[in-house]
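>>> Only the shape, not the letters, is given here:
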(Lines give C-alpha, C1' and ligand atoms only; values in the text may rest on other atoms or scores of the structure.)
Protein backbone atom coordinates (compact mmCIF):
# COMPACT_ATOMS: atom_id res chain seq x y z
CA UNK A 1 0.00 0.00 0.00
CA UNK A 2 1.28 3.46 -0.96
CA UNK A 3 2.31 5.53 2.10
CA UNK A 4 -0.45 7.87 3.20
CA UNK A 5 0.60 11.12 4.86
CA UNK A 6 -2.14 12.13 7.28
CA UNK A 7 -2.77 15.69 8.50
CA UNK A 8 -0.70 16.85 11.44
CA UNK A 9 -2.17 16.52 14.90
CA UNK A 10 -3.71 19.51 16.64
CA UNK A 11 -3.14 20.53 20.24
CA UNK A 12 -6.60 19.26 21.15
CA UNK A 13 -5.84 15.83 19.66
CA UNK A 14 -2.57 15.64 21.55
CA UNK A 15 -4.42 16.64 24.73
CA UNK A 16 -6.87 13.79 24.17
CA UNK A 17 -3.98 11.40 23.58
CA UNK A 18 -2.22 12.52 26.75
CA UNK A 19 -5.38 12.27 28.86
CA UNK A 20 -5.99 8.66 27.79
CA UNK A 21 -2.48 7.69 28.93
CA UNK A 22 -2.10 9.80 32.07
CA UNK A 23 -5.53 8.93 33.50
CA UNK A 24 -5.36 5.20 32.72
CA UNK A 25 -4.44 4.19 36.33
CA UNK A 26 -7.66 5.90 37.52
CA UNK A 27 -9.94 3.96 35.18
CA UNK A 28 -11.73 2.21 38.07
CA UNK A 29 -12.05 5.30 40.26
CA UNK A 30 -14.76 6.94 38.18
CA UNK A 31 -17.38 4.69 36.59
CA UNK A 32 -20.36 6.80 35.50
CA UNK A 33 -23.09 4.55 34.17
CA UNK A 34 -20.94 1.49 34.88
CA UNK A 35 -18.32 2.49 32.30
CA UNK A 36 -14.71 3.01 33.33
CA UNK A 37 -13.02 6.36 32.87
CA UNK A 38 -10.61 4.85 30.33
CA UNK A 39 -13.52 3.43 28.31
CA UNK A 40 -15.14 6.86 28.16
CA UNK A 41 -11.90 8.57 27.13
CA UNK A 42 -11.28 5.99 24.42
CA UNK A 43 -14.86 6.53 23.23
CA UNK A 44 -14.35 10.30 23.00
CA UNK A 45 -11.08 9.93 21.11
CA UNK A 46 -12.66 7.42 18.71
CA UNK A 47 -15.68 9.66 18.06
CA UNK A 48 -13.41 12.60 17.31
CA UNK A 49 -11.26 10.48 14.98
CA UNK A 50 -14.32 9.16 13.12
CA UNK A 51 -15.67 12.67 12.59
CA UNK A 52 -12.44 14.51 11.80
CA UNK A 53 -10.08 11.91 10.30
CA UNK A 54 -12.03 8.84 9.15
CA UNK A 55 -9.56 8.08 6.34
CA UNK A 56 -6.61 8.06 8.73
CA UNK A 57 -8.48 5.77 11.12
CA UNK A 58 -9.46 3.35 8.38
CA UNK A 59 -5.92 3.14 7.02
CA UNK A 60 -4.75 1.70 10.33
CA UNK A 61 -7.04 -1.33 9.85
CA UNK A 62 -4.84 -2.56 7.00
CA UNK A 63 -1.63 -2.55 9.01
CA UNK A 64 -0.19 -6.09 9.41
CA UNK A 65 -0.43 -5.91 13.22
CA UNK A 66 -4.16 -5.31 13.16
CA UNK A 67 -4.68 -7.81 10.33
CA UNK A 68 -3.06 -10.38 12.64
CA UNK A 69 -5.39 -9.25 15.43
CA UNK A 70 -8.43 -9.71 13.18
CA UNK A 71 -7.31 -13.24 12.31
CA UNK A 72 -6.97 -14.04 16.01
CA UNK A 73 -10.44 -12.70 16.76
CA UNK A 74 -12.05 -14.51 13.83
CA UNK A 75 -10.52 -17.91 14.57
CA UNK A 76 -11.20 -17.63 18.31
CA UNK A 77 -14.84 -16.71 17.64
CA UNK A 78 -15.25 -19.80 15.47
CA UNK A 79 -13.78 -22.02 18.18
CA UNK A 80 -15.92 -20.40 20.86
CA UNK A 81 -19.03 -21.06 18.79
CA UNK A 82 -18.49 -24.83 18.75
CA UNK A 83 -18.44 -25.06 22.55
CA UNK A 84 -21.52 -25.44 24.67
CA UNK A 85 -22.37 -22.39 26.79
CA UNK A 86 -20.58 -20.10 24.34
CA UNK A 87 -19.90 -16.64 25.70
CA UNK A 88 -18.38 -13.94 23.50
CA UNK A 89 -17.77 -11.38 26.25
CA UNK A 90 -13.98 -11.93 26.27
CA UNK A 91 -13.82 -11.65 22.49
CA UNK A 92 -16.00 -8.54 22.52
CA UNK A 93 -13.66 -6.87 24.98
CA UNK A 94 -10.61 -7.98 23.01
CA UNK A 95 -12.16 -6.51 19.87
CA UNK A 96 -12.60 -3.25 21.77
CA UNK A 97 -8.92 -3.42 22.70
CA UNK A 98 -7.99 -3.76 19.03
CA UNK A 99 -10.30 -0.89 18.08
CA UNK A 100 -8.69 1.22 20.80
CA UNK A 101 -5.28 0.43 19.34
CA UNK A 102 -6.48 1.61 15.92
CA UNK A 103 -7.64 4.88 17.48
CA UNK A 104 -4.30 5.47 19.24
CA UNK A 105 -2.46 4.70 15.99
CA UNK A 106 -4.55 7.28 14.13
CA UNK A 107 -3.56 9.92 16.71
CA UNK A 108 0.12 8.97 16.93
CA UNK A 109 0.86 10.14 13.39
CA UNK A 110 3.56 12.81 13.67
CA UNK A 111 6.62 13.56 15.85
CA UNK A 112 4.70 15.96 18.10
CA UNK A 113 2.15 13.27 18.90
CA UNK A 114 4.93 10.76 19.55
CA UNK A 115 6.64 13.23 21.89
CA UNK A 116 3.35 13.78 23.72
CA UNK A 117 2.87 10.04 24.06
CA UNK A 118 6.28 9.37 25.55
CA UNK A 119 6.17 12.19 28.08
CA UNK A 120 2.62 11.14 28.99
CA UNK A 121 3.96 7.70 29.91
CA UNK A 122 6.51 9.44 32.14
CA UNK A 123 3.81 11.58 33.80
CA UNK A 124 1.60 8.51 34.30
CA UNK A 125 4.38 6.48 35.92
CA UNK A 126 5.79 9.40 37.90
CA UNK A 127 2.40 10.49 39.22
CA UNK A 128 1.46 6.97 40.26
CA UNK A 129 4.85 6.44 41.91
CA UNK A 130 4.59 9.75 43.80
CA UNK A 131 1.15 8.73 45.07
CA UNK A 132 2.58 5.43 46.31
CA UNK A 133 5.49 7.16 48.03
CA UNK A 134 3.18 9.56 49.86
CA UNK A 135 0.53 7.03 50.80
CA UNK A 136 2.23 3.72 51.60
CA UNK A 137 6.02 4.12 51.85
CA UNK A 138 5.87 5.22 55.49
CA UNK A 139 3.58 2.38 56.49
CA UNK A 140 5.63 -0.26 54.69
CA UNK A 141 8.87 1.09 56.16
CA UNK A 142 7.74 0.25 59.71
CA UNK A 143 5.96 -3.00 58.80
CA UNK A 144 7.63 -6.37 59.22
CA UNK A 145 7.14 -9.85 57.85
CA UNK A 146 8.85 -13.16 58.41
CA UNK A 147 7.98 -14.80 55.10
CA UNK A 148 6.09 -14.42 51.85
CA UNK A 149 2.73 -15.28 53.43
CA UNK A 150 2.88 -12.63 56.14
CA UNK A 151 4.24 -10.10 53.63
CA UNK A 152 1.16 -10.73 51.48
CA UNK A 153 -1.06 -10.13 54.51
CA UNK A 154 0.73 -6.82 55.11
CA UNK A 155 0.22 -5.91 51.46
CA UNK A 156 -3.52 -6.60 51.59
CA UNK A 157 -3.89 -4.61 54.79
CA UNK A 158 -1.91 -1.58 53.60
CA UNK A 159 -3.66 -1.25 50.24
CA UNK A 160 -7.18 -1.86 51.48
CA UNK A 161 -9.26 1.25 50.87
CA UNK A 162 -6.59 3.12 48.91
CA UNK A 163 -7.72 5.91 46.58
CA UNK A 164 -6.35 4.35 43.37
CA UNK A 165 -8.60 1.36 42.76
CA UNK A 166 -6.43 -0.69 40.48
CA UNK A 167 -4.91 -4.14 40.45
CA UNK A 168 -1.61 -3.90 42.32
CA UNK A 169 0.27 -5.90 39.70
CA UNK A 170 -1.06 -3.62 36.98
CA UNK A 171 -0.15 -0.59 39.07
CA UNK A 172 3.44 -1.77 39.41
CA UNK A 173 3.61 -2.55 35.68
CA UNK A 174 2.43 0.99 34.84
CA UNK A 175 5.13 2.50 37.05
CA UNK A 176 7.70 0.18 35.44
CA UNK A 177 6.67 1.43 31.99
CA UNK A 178 6.84 5.08 32.99
CA UNK A 179 10.21 4.63 34.70
CA UNK A 180 11.67 2.82 31.67
CA UNK A 181 10.57 5.52 29.23
CA UNK A 182 11.93 8.11 31.66
CA UNK A 183 15.25 6.25 31.83
CA UNK A 184 15.61 6.29 28.04
CA UNK A 185 14.80 10.00 27.84
CA UNK A 186 17.20 10.76 30.68
CA UNK A 187 20.12 8.93 29.12
CA UNK A 188 19.57 10.44 25.67
CA UNK A 189 18.84 14.04 26.67
CA UNK A 190 21.53 16.68 26.17
CA UNK A 191 20.04 19.53 28.23
CA UNK A 192 21.19 19.57 31.87
CA UNK A 193 17.88 20.93 33.17
CA UNK A 194 15.89 18.22 31.39
CA UNK A 195 18.28 15.51 32.52
CA UNK A 196 17.90 16.71 36.11
CA UNK A 197 14.12 16.46 36.32
CA UNK A 198 14.10 13.22 34.36
CA UNK A 199 16.65 11.75 36.77
CA UNK A 200 14.56 12.78 39.78
CA UNK A 201 11.43 11.38 38.17
CA UNK A 202 13.19 8.11 37.45
CA UNK A 203 14.35 7.75 41.05
CA UNK A 204 10.79 8.34 42.27
CA UNK A 205 9.48 5.77 39.77
CA UNK A 206 12.21 3.30 40.70
CA UNK A 207 11.11 3.40 44.33
CA UNK A 208 7.44 3.31 43.34
CA UNK A 209 7.89 0.12 41.32
CA UNK A 210 8.59 -1.82 44.54
CA UNK A 211 5.81 -0.40 46.73
CA UNK A 212 2.85 -2.42 45.31
CA UNK A 213 4.93 -5.49 46.31
CA UNK A 214 4.29 -7.05 42.91
CA UNK A 215 6.77 -9.69 41.82
CA UNK A 216 5.70 -9.45 38.19
CA UNK A 217 5.94 -5.64 38.16
CA UNK A 218 9.43 -5.68 39.66
CA UNK A 219 10.54 -8.39 37.23
CA UNK A 220 9.28 -6.38 34.26
CA UNK A 221 11.05 -3.26 35.52
CA UNK A 222 14.37 -5.04 36.08
CA UNK A 223 14.30 -6.64 32.62
CA UNK A 224 13.61 -3.28 31.00
CA UNK A 225 16.37 -1.55 32.96
CA UNK A 226 18.90 -4.19 31.95
CA UNK A 227 17.75 -3.91 28.33
CA UNK A 228 18.23 -0.13 28.35
CA UNK A 229 21.64 -0.37 30.01
CA UNK A 230 22.67 -2.95 27.42
CA UNK A 231 21.56 -0.77 24.51
CA UNK A 232 23.32 2.26 25.95
CA UNK A 233 26.51 0.34 26.63
CA UNK A 234 27.43 -0.95 30.07
CA UNK A 235 30.79 0.84 30.14
CA UNK A 236 29.58 4.40 29.57
CA UNK A 237 29.85 6.73 32.55
CA UNK A 238 26.18 7.67 32.56
CA UNK A 239 25.20 4.03 32.20
CA UNK A 240 27.34 3.14 35.21
CA UNK A 241 25.69 5.92 37.23
CA UNK A 242 22.27 4.59 36.26
CA UNK A 243 23.12 1.10 37.44
CA UNK A 244 24.58 2.52 40.64
CA UNK A 245 21.43 4.55 41.32
CA UNK A 246 19.24 1.47 40.82
CA UNK A 247 21.35 -0.57 43.24
CA UNK A 248 21.41 2.19 45.88
CA UNK A 249 17.63 2.65 45.81
CA UNK A 250 17.01 -1.09 46.11
CA UNK A 251 19.42 -1.47 49.02
CA UNK A 252 18.57 1.66 51.00
CA UNK A 253 15.07 2.92 50.20
CA UNK A 254 12.95 -0.17 49.46
CA UNK A 255 11.32 -1.45 52.70
CA UNK A 256 12.41 -4.89 53.91
CA UNK A 257 8.83 -6.17 53.95
CA UNK A 258 8.70 -5.70 50.18
CA UNK A 259 11.73 -7.91 49.63
CA UNK A 260 10.20 -10.61 51.85
CA UNK A 261 7.50 -11.10 49.23
CA UNK A 262 9.96 -11.61 46.37
CA UNK A 263 9.89 -15.41 46.55
CA UNK A 264 8.09 -18.16 44.70
CA UNK A 265 7.60 -21.77 45.73
CA UNK A 266 5.71 -24.74 44.35
CA UNK A 267 5.92 -26.49 47.73
CA UNK A 268 2.84 -26.80 49.94
CA UNK A 269 2.87 -24.78 53.14
CA UNK A 270 3.49 -26.85 56.25
CA UNK A 271 0.90 -24.94 58.24
CA UNK A 272 -2.06 -24.74 55.84
CA UNK A 273 -1.11 -27.51 53.43
CA UNK A 274 -1.79 -25.13 50.52
CA UNK A 275 0.41 -23.77 47.76
CA UNK A 276 0.67 -20.08 47.07
CA UNK A 277 -1.76 -18.59 44.57
CA UNK A 278 0.42 -18.45 41.49
CA UNK A 279 1.67 -21.99 42.05
CA UNK A 280 -1.89 -23.32 42.25
CA UNK A 281 -2.86 -21.43 39.12
CA UNK A 282 0.21 -22.70 37.24
CA UNK A 283 -0.58 -26.32 38.08
CA UNK A 284 -4.24 -25.80 37.17
CA UNK A 285 -3.18 -24.29 33.82
CA UNK A 286 -0.97 -27.28 33.01
CA UNK A 287 -3.84 -29.67 33.83
CA UNK A 288 -6.34 -27.70 31.71
CA UNK A 289 -3.99 -27.44 28.74
CA UNK A 290 -3.21 -31.17 28.80
CA UNK A 291 -6.94 -31.89 28.96
CA UNK A 292 -8.01 -29.82 25.90
CA UNK A 293 -4.91 -28.60 24.02
CA UNK A 294 -6.46 -28.25 20.55
CA UNK A 295 -9.82 -26.56 21.04
CA UNK A 296 -9.74 -25.44 24.65
CA UNK A 297 -12.83 -25.39 26.83
CA UNK A 298 -14.30 -22.08 25.69
CA UNK A 299 -14.34 -18.83 27.66
CA UNK A 300 -17.99 -19.33 28.60
CA UNK A 301 -17.24 -22.69 30.18
CA UNK A 302 -14.05 -21.44 31.85
CA UNK A 303 -15.85 -18.71 33.76
CA UNK A 304 -18.88 -20.94 34.28
CA UNK A 305 -19.53 -24.49 35.44
CA UNK A 306 -16.25 -25.95 34.13
CA UNK A 307 -14.22 -23.37 36.01
CA UNK A 308 -16.15 -24.00 39.23
CA UNK A 309 -14.95 -27.62 39.19
CA UNK A 310 -11.38 -26.88 38.12
CA UNK A 311 -8.23 -25.90 39.97
CA UNK A 312 -8.98 -22.26 39.10
CA UNK A 313 -11.76 -22.08 41.66
CA UNK A 314 -10.89 -20.50 45.00
CA UNK A 315 -13.56 -20.53 47.69
CA UNK A 316 -11.74 -17.90 49.75
CA UNK A 317 -11.48 -15.27 47.00
CA UNK A 318 -13.58 -14.21 44.00
CA UNK A 319 -14.47 -17.66 42.71
CA UNK A 320 -12.83 -18.60 39.42
CA UNK A 321 -9.49 -16.87 38.80
CA UNK A 322 -7.54 -16.55 35.57
CA UNK A 323 -4.30 -18.22 34.52
CA UNK A 324 -2.13 -15.12 35.11
CA UNK A 325 -0.61 -15.71 31.67
CA UNK A 326 -2.16 -14.61 28.38
CA UNK A 327 -0.77 -17.55 26.42
CA UNK A 328 -1.97 -20.18 28.90
CA UNK A 329 -5.33 -18.44 29.12
CA UNK A 330 -5.83 -18.39 25.36
CA UNK A 331 -4.94 -22.10 25.02
CA UNK A 332 -7.45 -22.89 27.76
CA UNK A 333 -10.07 -20.71 26.04
CA UNK A 334 -9.64 -21.62 22.38
CA UNK A 335 -6.74 -24.01 21.92
CA UNK A 336 -3.14 -23.99 20.75
CA UNK A 337 -3.67 -22.47 17.30
CA UNK A 338 -5.46 -19.47 18.78
CA UNK A 339 -2.44 -19.01 21.05
CA UNK A 340 -0.21 -19.22 17.97
CA UNK A 341 -2.21 -16.41 16.35
CA UNK A 342 -1.86 -14.28 19.49
CA UNK A 343 1.89 -14.88 19.44
CA UNK A 344 1.93 -14.09 15.71
CA UNK A 345 0.36 -10.71 16.53
CA UNK A 346 3.27 -9.91 18.82
CA UNK A 347 5.79 -11.30 16.34
CA UNK A 348 4.34 -9.06 13.64
CA UNK A 349 4.61 -6.04 15.92
CA UNK A 350 8.23 -6.96 16.70
CA UNK A 351 9.12 -7.34 13.02
CA UNK A 352 7.75 -3.85 12.31
CA UNK A 353 10.12 -2.23 14.83
CA UNK A 354 12.99 -0.21 13.30
CA UNK A 355 16.03 -2.50 13.16
CA UNK A 356 18.90 -3.16 13.77
CA UNK A 357 18.51 -2.13 17.39
CA UNK A 358 20.93 0.41 18.78
CA UNK A 359 21.06 3.39 21.11
CA UNK A 360 18.95 5.63 18.88
CA UNK A 361 16.36 7.26 21.13
CA UNK A 362 13.31 6.32 19.07
CA UNK A 363 14.49 2.75 18.54
CA UNK A 364 15.06 2.33 22.27
CA UNK A 365 11.67 3.77 23.19
CA UNK A 366 9.78 1.56 20.75
CA UNK A 367 11.67 -1.55 21.83
CA UNK A 368 10.95 -0.73 25.48
CA UNK A 369 7.23 -0.36 24.73
CA UNK A 370 7.10 -3.66 22.87
CA UNK A 371 9.11 -5.52 25.50
CA UNK A 372 6.90 -4.15 28.26
CA UNK A 373 3.72 -5.33 26.50
CA UNK A 374 5.20 -8.77 25.82
CA UNK A 375 6.37 -9.21 29.41
CA UNK A 376 3.00 -8.01 30.71
CA UNK A 377 1.28 -10.70 28.63
CA UNK A 378 3.32 -13.32 30.50
CA UNK A 379 1.83 -12.22 33.83
CA UNK A 380 -1.77 -11.32 33.03
CA UNK A 381 -4.74 -13.23 31.62
CA UNK A 382 -6.54 -9.98 30.75
CA UNK A 383 -5.89 -10.03 27.01
CA UNK A 384 -8.24 -7.09 26.46
CA UNK A 385 -6.32 -4.67 28.69
CA UNK A 386 -6.29 -1.06 27.55
CA UNK A 387 -2.52 -1.03 28.06
CA UNK A 388 -2.22 -3.30 25.02
CA UNK A 389 -4.30 -0.79 23.04
CA UNK A 390 -1.86 1.98 23.91
CA UNK A 391 1.28 0.05 23.05
CA UNK A 392 0.03 -1.53 19.82
CA UNK A 393 -1.41 1.82 18.77
CA UNK A 394 1.85 3.68 19.29
CA UNK A 395 3.90 1.01 17.49
CA UNK A 396 1.52 0.95 14.51
CA UNK A 397 1.27 4.74 14.38
CA UNK A 398 5.04 5.15 14.23
CA UNK A 399 5.45 2.43 11.63
CA UNK A 400 2.47 3.44 9.48
CA UNK A 401 2.50 7.25 9.61
CA UNK A 402 5.78 8.56 11.02
CA UNK A 403 8.65 6.44 9.72
CA UNK A 404 7.73 6.78 5.99
CA UNK A 405 7.95 10.58 6.18
CA UNK A 406 10.36 11.39 9.03
CA UNK A 407 13.87 9.83 8.84
CA UNK A 408 14.56 7.89 12.00
CA UNK A 409 18.11 9.18 12.38
CA UNK A 410 16.80 12.75 12.36
CA UNK A 411 13.71 12.12 14.44
CA UNK A 412 14.13 13.33 18.00
CA UNK A 413 12.84 15.69 20.62
CA UNK A 414 13.69 19.34 20.75
CA UNK A 415 15.86 20.25 23.73
CA UNK A 416 14.14 23.57 24.18
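Received it, and whenever you're ready, just let me know what you need. The model shown is predicted, which means the values in this text are computed figures rather than measured ones.
>>> Quick one: name whatever helix or strand follows the strand or helix carrying residue 246.
Assigned by DSSP states H and E, residue 246 belongs to helix 237-252. Downstream of helix 237-252, the first helix or strand assigned by DSSP H and E is helix 256-260.
>>> for that next one, which positions count as buried?
257-260 (16 or more other Cβ atoms under 10 Å). All C-beta spots, glycine's among them, are computed from the backbone N, C-alpha and C.
>>> now, among those residues, which is nearest to residue 133?
residue 258 (12.9 Å; Cβ to Cβ).
>>> so that closest one touches residue 213, yeah?
Yes: using Cβ atoms under 8 Å, residue 258 is in contact with residue 213, at 5.2 Å.
>>> okay, and the common contacts of those two?
Residues touching both residue 258 and residue 213 (Cβ atoms under 8 Å, 6 or more residues apart in numbering) are 140, 151.
>>> What ranges in the stretch 251-400 of the chain fall below the confidence cut-off?
Residue ranges of the stretch 251-400 of the chain with pLDDT under 70: 264-277, 315-318.
>>> how much space between residue 197 and residue 29?
Shown here: residue 197 relative to residue 29, a distance of 27 Å by Cβ to Cβ, to the nearest Å.
>>> oh sorry, the question was meant for residue 88
For residue 88, the distance to residue 29 equals 28 Å [Cβ to Cβ].
>>> how far does the strand or helix carrying residue 327 sit from the chain's center?
Using DSSP H and E, residue 327 maps to helix 326-334. Centroid separation between helix 326-334 and its chain, computed with Cα atoms, centre = their mean, to the nearest Å, is 18 Å.
>>> just checking, what packs against it?
The contact analysis (3 or more Cβ pairs under 8 Å, 6 or more residues apart in numbering; DSSP states H and E) places helix 326-334 against helix 64-81, helix 277-291, helix 299-302, helix 336-351.
>>> for those helices, which one sits closest to residue 130?
Of all those, it is helix 277-291 that lies closest to residue 130, at 28.9 Å by Cβ to Cβ.
>>> Buried deepest among the helices and strands packed on helix 326-334, which one?
When the helices and strands packed on helix 326-334 are scored by mean count of other Cβ atoms under 10 Å, the highest mean neighbour count falls to helix 299-302 (a mean of 23).
>>> How far off centre is that one?
That offset, for helix 299-302, works out to 24 Å (Cα atoms, centre = their mean).
>>> before we move on, what about stretch 336-355?
That offset, for stretch 336-355, works out to 16 Å (Cα atoms, centre = their mean).
>>> That'll do, ta.
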